[in-house]
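**Student:** Sharing a model prediction with you, sequence too.
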Amino acid sequence: MEFSTINLLILLCTIIVAMTLIIVAFAKQYKKVGPNEVLIISGGRMKKVKDPDGTVRKIGYRMSIGGGTFVKPFIEQIQVLPLEVYSVNIKTPEVLTSQGVHIIAEGTAQVKIDSDVHMIRRAAEQFLSSGGEGIRDVSLSVLEGCVRAILGSMTVEEIYQNREQFSEKVIQNSKDDFERMGLEVLSFALKDISDTKGYLAALGQPRIAQVKKDAAIAQAETDKDASIKAAHARKDGDIAKLKAESEIAKANRDYEAQRSEYQADINQKRALADLSYELEKHKIAQKIKKEESQVKLIEKEQAIKIEEMEIARKERELDASVKKTADARKYQAKAETEAESYRIHEEAKAKSQAQRLEGAAEAELIRAKGEAEAEVMRQKAESWKDYNEAMIYKMVIDALPELARAISEPLSKVEKIVMVGSGDGSTGVSKITEQVAQVMAQLPTVVESLSGVDLTKLLEKFAGEKKVKEESKKKQ
């Protein structure tokens, strides 16, 4: 059982490998060519074909134009035949024309294999092994022969003047030969013809001379006709000139007369035009001035409006800035005022409290001081009860020097005294002394008014008592 499974697997693998090889081989044997090529497959069985002339023949190949086909391995082989265009340049040796002139012709032909199946078959049978070079060589030989044959049947003038006709003859004469080879001539162009004897150069000389002669004769005839016509023209011109001068003189006379009339009319109209112009100019100037005044007025109004708008803008801006500043300052002042008011209130409150305390203390002090002074005065009064009148007088007398010093003390503080005489003979010094004496003389009255003590009587009494004592002493 196991042996059968293995054999089956081997068989399957063998079949797969065989099929793969077959597919690969088939793929390798499938050949393709481009649109400008023909694939020729030979080696197969023979088949019958019919040529354009009706001939039936057998061939052992087949063709694939611009495509692909399967090539039987070991039986068929392939070859490629190009369908491209070949340029064939022709230059003949010296060839005799129908006039016996040796000329050399140069031309170019475009040749290719005809696209018809029968033509491709003919070209394959003749050029498959040689390829493009074989086609070019054979075409050159055929075209060269045709060109030489046509050159021998035409004159140099015909060849030179009818190059297009010459090219058509070459194509027509070589057509049958190329068809038998499966080729076609697409175009032929005669590029140049030349000779080594100078025939072509001399060919144009008679014509050139004839042309020059004809040109000279024509020029002479033209000059003669021109001279005759010029003479007639001069005669006719002179007659016409005289007639014209006469007519011109008459016309000048009429013209001068008309011109004078026209000039007078023109001057009159010009004067009117100048006057109208000046008047219109004056009107226009007045109008321009009026318009300018109006424009200036409008400009001033606009300037005033702009200025007013600018002032209003600045006022609004100033109001805004001032208002903002004022509001800020107002707020600041209000805050400062409130703070100051609070500070003053607190200070006043503190001062009031302090003053109240100070007043209470001062009142207490004054009360205590008053009580002390009252006690002192009471004690002084108690002690003065024991003073006699003489003691009191003594105290008053002892106070007089201090009183005199107090009266004269302001004079001691004066740095400089300017004395001005009044002319009555008294000096400033005596006046000062006199005024001081007057003040001192008023002293007893002041003391009496203040203390009730009559200073004069006191002094008189004191002096009398002193005199009595002295006399007592003397008696003793």
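**Tutor:** It's in.

**Student:** tell me the pLDDT at Val38?
**Tutor:** According to the per-residue confidence, Val38 scores 85 in pLDDT.

**Student:** Give the phi and psi angles for it, as a check.
**Tutor:** Taking degrees, to the nearest 10, you get phi -120, psi 130 for the backbone angles of Val38.

**Student:** can you check Gly66 too?
**Tutor:** Per-residue torsions, Gly66: phi 60, psi 40 (degrees, to the nearest 10).

**Student:** Now do it against His345, distance only.
**Tutor:** 123 Å (C-beta to C-beta, to the nearest Å). C-betas here are computed from N, CA, C, even on glycine.

**Student:** With Pro35 instead?
**Tutor:** Applying C-beta to C-beta, the value for Pro35 to His345 is 120 Å.

**Student:** follow-up on the earlier one: look at Gly66 and His345 and report which has more neighbours.
**Tutor:** Set Gly66 next to His345 and count neighbours by other C-beta atoms under 10 Å: Gly66 wins out with 13 against 10.

**Student:** What sits closest to the more buried one if chain neighbours are left out?
**Tutor:** Pro35 (4.0 Å; C-beta to C-beta, 6 or more residues apart in numbering).

**Student:** Would you double-check that the one you found falls in a helix?
**Tutor:** No - judged by DSSP: H, G, I helix; E, B strand; the rest coil, Pro35 forms no part of a helix; its state is coil.

**Student:** Is it in contact with Ser64, as I believe?
**Tutor:** No - in this structure, Pro35 sits apart from Ser64 without contact. The criterion is C-beta atoms under 8 Å, and the distance is 11.6 Å.

**Student:** These two: which is more packed in?
**Tutor:** For Pro35 and Ser64, the more surrounded residue by other C-beta under 10 Å is Ser64, and the numbers stand at 18 against 8.

**Student:** element containing that one?
**Tutor:** If you go by DSSP states H and E, Ser64 is part of strand 56-65.

**Student:** do Ile78 as well
**Tutor:** Going by DSSP H and E, Ile78 is in strand 77-82.

**Student:** Okay, angle between that strand and strand 56-65 too, please.
**Tutor:** Computed by axes from the mean of the first three to the mean of the last three C-alpha atoms, to 10 degrees, the angle separating strand 77-82 from strand 56-65 equals 70 degrees.

**Student:** List the strands paired with the helix or strand just after strand 77-82, with their directions.
**Tutor:** Moving toward the C-terminus from strand 77-82, the next helix or strand (DSSP H and E) is strand 86-91. Applying DSSP bridges to the sheet, strand 86-91 is found paired with strand 102-113 (antiparallel).

**Student:** next structured bit after the partner strand?
**Tutor:** Once strand 102-113 ends, the next helix or strand along the chain (criterion: DSSP H and E) is helix 117-127.

**Student:** Need the contact partners of stretch 67-79.
**Tutor:** Stretch 67-79 is contacted by residues 25-26, 29-33, 39-44, 62, 128 when judged by C-beta atoms under 8 Å, 6 or more residues apart in numbering.

**Student:** Select from those residues every entry located in helices.
**Tutor:** Within the contacts of stretch 67-79, residues falling in helices by DSSP state H are Ala25, Phe26.

**Student:** all strands for this protein, in order.
**Tutor:** When assigned using DSSP state E, the strands of the chain occupy the ranges 30-32, 37-50, 56-65, 68-70, 77-82, 86-91, 95-96, 102-113, 183-194.

**Student:** would CSV of the ones you listed with distance to Ile311 be doable?
**Tutor:** Putting the strands of the chain into CSV (distance: least, C-beta to C-beta, whole Å) gives the following:
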stretch, distance to Ile311
strand 30-32, 99
strand 37-50, 100
strand 56-65, 102
strand 68-70, 100
strand 77-82, 101
strand 86-91, 98
strand 95-96, 113
strand 102-113, 98
strand 183-194, 97
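
**Student:** most packed of the ones you listed?
**Tutor:** strand 102-113 (a mean of 20; mean count of other C-beta atoms under 10 Å).

**Student:** Which residues are in contact with Lys91?
**Tutor:** With contact set as C-beta under 8 Å, 6+ apart, Lys91 has these partners: Ile104, Ala105, Glu106.

**Student:** thought the first one was touching Thr97?
**Tutor:** Read that as Ile104. No - no contact is recorded between Ile104 and Thr97 when judged using C-beta under 8 Å, the distance being 11.3 Å.

**Student:** Quick check on Gln29: phi, psi?
**Tutor:** Backbone torsions of Gln29, given as degrees, to the nearest 10, read phi -90, psi 0.

**Student:** How about it, nearest residue that isn't a chain neighbour?
**Tutor:** Using C-beta to C-beta, 6+ apart, the nearest residue to Gln29 is Val71, at 4.8 Å.

**Student:** what stretches of the stretch 101-250 of the chain score poorly on pLDDT?
**Tutor:** Flagging of the stretch 101-250 of the chain using pLDDT under 70 yields the residue ranges 204-205, 207-213, 215.

**Student:** What strands line up against the strand holding Ile78, and which way round?
**Tutor:** Strand 77-82 has these partner strands in its sheet, going by DSSP bridges: strand 37-50 (antiparallel).

**Student:** which residues sit against the strand it pairs with?
**Tutor:** Contacting residues not belonging to strand 37-50 are listed as 31-33, 56-69, 71-72, 75-83, 113, 120-121, 124, 128 [C-beta under 8 Å, 6+ apart].

**Student:** tell me the angle that strand makes with helix 117-127.
**Tutor:** 110 degrees.

**Student:** Show me what the mean pLDDT comes to for stretch 308-316.
**Tutor:** pLDDT averaged over stretch 308-316 gives 74.

**Student:** Relative to Phe74, how far out is the closest residue to Ser153 other than its chain neighbours?
**Tutor:** Counting by C-beta to C-beta, 6+ apart, the nearest residue to Ser153 once its immediate chain neighbours are dropped is Ser98, at 6.0 Å. Here the criterion is C-beta to C-beta. By it, Ser98 lies 62 Å from Phe74.
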